[in-house]
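Undergrad: here is my input, please return the structure:
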Amino acid sequence: MADLLVLQRRELLLRELRATGAVHVAELAVRHGVSPGTIRRDLTELAREGRVIKTRGGAVLPRRNVDGRPPSAEGGAGAAPAQDLDPRTLGLLVPSATYYYPSVIDGVRSVAARHRARVVIALSRYADPRDLEQVDELLASGASGLLIASSGGTHVTDALVDRLHATGVPFVLLERRTDDHHEACESVVSDHRRGAFGAVRHLHRLGHSRVGLYAYPSPTAPLIRDGHAAAVRQLRLDPAAPVREGHRHPPGSRAAARQYDAFIEDCLASGTGAALVHSDQDAIVLLQRLRARGLRTPQDMALIAYDNELAALAEVPLTAVAPPKEQLGACAAQLLVDRLGEPGGGAVRSVTMQPRLVIRQSCGSAQH
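TA: Below is the predicted model:
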């Protein structure tokens, strides 16, 4: 089990590194709730595998060419000649570089590389929202178009929409919409309601009449709750199954353990034998808490995780709802590149992408 947690943590370190280009030992230790020595050992092992380059106090990624290949002996620094680069710069605002959004960023970068465009990333963290300031920072960095995943909920604020329009540059919303359905804004979103509905429907088809929901507080959580509730109504499931939203506690803390245990108690008391859990990390810990009680997955409690970031690494590989994160980033970047090539022309496009259900062992149905 310890080896599994190490692999999960190292995968998260790599995701953050790919998103930001550099990481620092002290910040990673606090964020992941481990000692600086543990992070140093992780980085040492990743460096031994050639996946990172250690620096004083942290690490950076090995240098890459525009097309993603390692630099050749003749290539020197690995950067494309300036005359070959498109002068367009895509400014990307995201609320996290450690979870969910690294895959979105990969999609953006793939399209940018194909069009010889530059990507500049700004972070407006959930705990420290600075959307308006970061938009200005991106513009100051030379962004000629903006991709916006704001730090609030699934809808951007009126103030941010006004600011984006005032910039005079094209923009595309990522996993965000405007409150005003008549607002002319291009957007690319995942249909999280449908993703949650599909997960509950799958458990129902496996014979479960009660399907609980545990949701970690995030912009996605309200949409998952809506999808779960719609499935309970339309499939005529027992509404007695517990629905809980956890609170933000340090990983491994007693407070975190208590809220998982409380959800398990609710499931046992109501005879609930299946649950949808957002996110993967919460599903992995819940799986461990079930095992500590002598309960088996999927025999005693079938689980489906939401996000599919780490689900395959769980001790019982987790069936998971997988939003199309990389495709979403690529689609949004392509919309922006198209708009930059045709300012003011063409129809305003809003794209909705459907998550898929990846079947593994935790739900009790055959893998396919």
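Undergrad: buried sites along stretch 26-33?
TA: Going by neighbour count (16 or more other Cβ atoms under 10 Å), the buried part of stretch 26-33 is 28-29, 32. Every residue, glycine included, has its C-beta placed from N, CA and C.
Undergrad: out of the residues you listed, which are inside helices?
TA: 28-29, 32 (DSSP state H).
Undergrad: which of those lies closest to L43?
TA: Nearest to L43 among these is L28, at 8.5 Å by Cβ to Cβ.
Undergrad: not counting residues beside it along the chain, what's closest to the closest one?
TA: I39 (4.7 Å; Cβ to Cβ, 6 or more residues apart in numbering).
Undergrad: same check, this time on S279
TA: Nearest residue to S279, sequence neighbours excluded (Cβ to Cβ, 6+ apart): D307, at 4.6 Å.
Undergrad: that neighbour touches V277, doesn't it?
TA: No - contact between D307 and V277 fails when scored by Cβ atoms under 8 Å: they sit 9.7 Å apart.
Undergrad: those two - which one has more neighbours?
TA: V277 (31 against 27; other Cβ atoms under 10 Å).
Undergrad: quick one on the thing from earlier: the helix or strand hosting the residue nearest to L28 - contacts with which helices or strands?
TA: Using DSSP states H and E, I39 maps to helix 36-48. Applying 3 or more Cβ pairs under 8 Å, 6 or more residues apart in numbering; DSSP states H and E, we find helix 36-48 packed against helix 2-20, helix 25-32, strand 53-55, strand 58-60.
Undergrad: and of those, who's closest to G294?
TA: helix 2-20 (20.0 Å).
Undergrad: quick one: the closest one to helix 36-48, angle?
TA: In terms of direction (axes from the mean of the first three to the mean of the last three Cα atoms, to 10 degrees), helix 2-20 departs from helix 36-48 by 70 degrees.
Undergrad: run the chain-centre distance for helix 2-20.
TA: 14 Å (Cα atoms, centre = their mean, to the nearest Å).
Undergrad: what's the answer for stretch 276-291, then?
TA: Using Cα atoms, centre = their mean, the offset of stretch 276-291 from its chain centre is 17 Å.
Undergrad: okay, buried residues for that stretch please.
TA: Buried, per 16+ other Cβ under 10 Å, within stretch 276-291: 276-288, 290.
Undergrad: likewise stretch 179-199?
TA: For stretch 179-199, by 16+ other Cβ under 10 Å, it's 185-199.
Undergrad: same check, this time on stretch 108-118
TA: Neighbour-count burial for stretch 108-118 flags 108-113, 115, 117-118 (criterion: 16+ other Cβ under 10 Å).
Undergrad: do you know how far E11 is from R48?
TA: 16 Å (Cβ to Cβ, to the nearest Å).
Undergrad: among those two, which residue is more densely surrounded?
TA: Of the pair E11 and R48, E11 is the one with more neighbours under other Cβ under 10 Å, namely 14 against 10.
Undergrad: pLDDT score assigned to that one?
TA: As predicted, E11 sits at a pLDDT of 83.
Undergrad: now it. Nearest residue, chain neighbours left out?
TA: L310 (6.7 Å).
Undergrad: residue ranges with poor pLDDT in the stretch 101-250 of the chain?
TA: Residue ranges of the stretch 101-250 of the chain with pLDDT under 70: 181-182.
Undergrad: show me the helices in it, by range?
TA: Assigned by DSSP state H, counting those that start in this stretch, the stretch 101-250 of the chain shows helices spanning 101-114, 131-140, 158-167, 192-205, 221-234.
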